[in-house]
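**Q** what follows is a protein structure lacking sequence information:
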């Protein structure tokens, strides 16, 4: 699994002009599911992100997690994170999991975050979405379970 994690002061996602998910302060997680990913990766990644210390403490040091701040999370499926652009000019998406598997693991990831006590909003799986956010900092992290 791959994730782009952005610290935000607000974010929302719309589908066909209708807001389907919105948060105030917290994290936006763009989530890509790869072939071979399992529930174990979904759980490990969710735990890692929920505990990731990328929020400022009283001394303005990145020392607090989403759990510490009481922030929310907006999770958006994004298979294009698995795009391979090494050859040619058109990305290859052969590394992305099949939609049925990806949806199941995406939903498990969201459920694990909710079990941690995180208020979690989502986009719509396989829909064309418009994601709007205010990246705070900016703070953006890339996580890939294949590298752990």
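**A** Everything's here; your move. These numbers come from a predicted model, not from an experiment.

**Q** count of neighbours near residue 50?
**A** Residue 50 has 19 neighbouring residues, counting by other Cβ atoms under 10 Å. Where you see a C-beta, it was placed from the backbone N, CA and C, and this is true even at glycine.

**Q** for burial, what's the neighbour tally of the closest residue to it other than its chain neighbours?
**A** Using Cβ to Cβ, 6 or more residues apart in numbering and skipping residues adjacent in sequence, the residue nearest residue 50 is residue 116, 4.4 Å away. Residues near residue 116, counting by other Cβ under 10 Å, number 17.

**Q** before we move on, what about residue 141?
**A** Neighbours around residue 141, by other Cβ under 10 Å: 15.

**Q** same thing with the one 4 residues further on?
**A** One way to gauge burial is a neighbour count; for residue 145, by other Cβ under 10 Å, it gives 18.

**Q** tell me how far it lies from residue 38.
**A** 9 Å (Cβ to Cβ, to the nearest Å).

**Q** excluding chain neighbours, what is closest to the most centrally placed residue in the chain?
**A** For the chain, residue 29 is the residue whose C-alpha lies nearest the centre (Cα atoms, centre = their mean; 1.9 Å). Nearest residue to residue 29 in three dimensions, chain neighbours excluded: residue 75, at 4.8 Å (Cβ to Cβ, 6+ apart).

**Q** from residue 24, how far off is the one you found?
**A** Taken as Cβ to Cβ, the span from residue 75 to residue 24 is 15 Å.

**Q** name the residue in these two with the higher neighbour count.
**A** Higher neighbour count among residue 75 and residue 24: residue 75, with 26 against 12, using other Cβ under 10 Å.

**Q** for the more buried one, give the beta-bridge partners.
**A** With DSSP bridges applied, residue 75 shows beta-bridge pairing to residue 29, residue 122.

**Q** which residues does it contact?
**A** Contact analysis of residue 75 by Cβ atoms under 8 Å, 6 or more residues apart in numbering lists 29, 31, 106, 109, 110, 113, 120, 121, 122, 123.

**Q** dump these to JSON lines, plus distance to residue 42 and pLDDT.
**A** Formatted as JSON lines, the contacts of residue 75 follow (distance: Cβ to Cβ, whole Å; pLDDT from 0 to 100):
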{"residue": "29", "distance to residue 42": "12", "pLDDT": "99"}
{"residue": "31", "distance to residue 42": "9", "pLDDT": "98"}
{"residue": "106", "distance to residue 42": "8", "pLDDT": "98"}
{"residue": "109", "distance to residue 42": "4", "pLDDT": "98"}
{"residue": "110", "distance to residue 42": "9", "pLDDT": "98"}
{"residue": "113", "distance to residue 42": "10", "pLDDT": "98"}
{"residue": "120", "distance to residue 42": "13", "pLDDT": "98"}
{"residue": "121", "distance to residue 42": "18", "pLDDT": "98"}
{"residue": "122", "distance to residue 42": "14", "pLDDT": "98"}
{"residue": "123", "distance to residue 42": "17", "pLDDT": "98"}
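
**Q** noted, bye for now.
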